[in-house]
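J.: Let me see the structure of the following:
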Amino acid sequence: MRRNPYHCGDAVFLKPGVLGNTQPDGPGRIVSVLPEAQGAVRYRVRFQHENFERNVALDEIDAMMSTASRLGKAENPSPRETGSSWINLNTIKIRK
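T.: I've put the predicted structure just below:
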């Protein structure tokens with residue numbers, strides 16, 4: 001069983017020439033991690049300027065480019081990573 005280096009929401013780039021002439025431009029966002037089948041980790045990825053999702057294997061992802069985009073994401077953490085949220089839990093009232 002392989003270690004899964006990517007998670008939902010990560011930006012990934014494909015290796016050049018993996019999809020031939022239909023190679024998407026720019027990064028794609030991982031929508032979901034699919035169950036491991038026959039020893040291969042696969043992801044559902046949606047690319048910019050496309051209105052559908054692609055089924056991409058781990059070995060089709062360019063690790064160097066994707067790691068660089070991941071490091072850039074760490075500089076600007078999302079509200080989920082910082083612990084703050086758009087929901088203010090102090091304003092929620094619960095009846096007893």
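
J.: Please make it C-alpha for all contacts and neighbour counts, starting now.
T.: Noted.

J.: Please work out how many residues are found near residue 5.
T.: 10 (other C-alpha atoms under 10 Å).

J.: residues touching it, list them.
T.: By C-alpha atoms under 8 Å, 6 or more residues apart in numbering, the contact set of residue 5 is empty.

J.: which parts of the helix or strand harbouring residue 44 are buried?
T.: Here residue 44 sits within strand 42-47, counting by DSSP states H and E. Buried positions in strand 42-47, judged by neighbour count with 16 or more other C-alpha atoms under 10 Å: 42, 43, 44, 45, 46, 47.

J.: Can you tell me how far residue 96 is from residue 90?
T.: Distance of residue 96 to residue 90, computed by C-alpha to C-alpha, to the nearest Å: 16 Å.

J.: of those two, who's got more company?
T.: Looking at residue 96 and residue 90 with other C-alpha under 10 Å, you find the greater number of neighbours at residue 90, namely 6 against 3.

J.: Now do the SS call for the more buried one.
T.: helix (DSSP: H, G, I helix; E, B strand; the rest coil).

J.: Need the pLDDT of it.
T.: pLDDT, residue 90: 72.

J.: ok, so what distance separates it from residue 57?
T.: For residue 90, the distance to residue 57 - C-alpha to C-alpha - is 43 Å.

J.: before we move on, what about residue 34?
T.: The value you get for residue 34 to residue 57, if C-alpha to C-alpha is used, is 10 Å.

J.: Please enumerate the shared neighbours of these two.
T.: Both residue 34 and residue 57 are contacted by 41, 42, 43, under the criterion C-alpha under 8 Å, 6+ apart.
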